[in-house]
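**Student:** just a sequence and a predicted model for now, questions to come.
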Amino acid sequence: PQLARAESEDMDQPPYRMNKSRREAVLAAVRERCGQQGWTLQAAHVRTNHVHIVVEAAVRPERVMNDLKAYASRRLNRMGLDEPARKRWARHGSTRWLWEPEHVSAAIRYAIDEQGDAMAIFEAVDA
């Protein structure tokens with residue numbers, strides 16, 4: 001509770017929430033950027049206040065995360081869904097290398113099936 005209170009006091013904008021239009025825009029941006037970069041999107045689940053993504057890429061996970069955050073933000077701005085100064089994403093996020101096929105499968109299942117009601121979802125057909 002103390003940490004949550006301290007973090008809340010540090011915020012200069014209200015928490016970001018994505019409605020259906022924003023979730024769909026973020027998912028479309030993720031799919032497009034992965035295609036442009038040659039990354040294989042295995043799964044994505046865009047929730048109201050966070051995003052779960054499983055990507056196969058030959059770059060560091062932090063690079064993927066930062067690139068997708070920036071690309072999604074640009075799309076939201078371009079669509080006029082938010083003001084350009086709107087802060088949306090945490091400074092970091094959970095980034096993990098997944099080396100074993102069973103770990104990738106578990107991450108996909110977690111992203112798609114264990115987040116509550118389905119929102120904006122993508123799952124690769126061969127995942």
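**Tutor:** That came through fine.
**Student:** tell me the pLDDT of the closest residue in space to G116 that isn't next to it in sequence.
**Tutor:** Excluding its sequence neighbours, the residue lying closest to G116 (Cβ to Cβ, 6 or more residues apart in numbering) is R47, at 7.8 Å. Every C-beta, even on glycine, is put in place using the N, C-alpha and C of the backbone. The model reports R47 with a pLDDT of 96.
**Student:** with the one 3 residues further on instead?
**Tutor:** Note for H50: predicted pLDDT of 93.
**Student:** and if you look at E24?
**Tutor:** With respect to pLDDT, E24 has a value of 97.
**Student:** so who does it touch?
**Tutor:** Counting by Cβ atoms under 8 Å, 6 or more residues apart in numbering, E24 touches V46, A120.
**Student:** same check, this time on L76
**Tutor:** Counting by Cβ under 8 Å, 6+ apart, L76 touches R22, A25, V26, A29, D82, R86, R88.
**Student:** ok, now how distant is the residue nearest to G116 from S94?
**Tutor:** For R47, the distance to S94 equals 14 Å [Cβ to Cβ, to the nearest Å].
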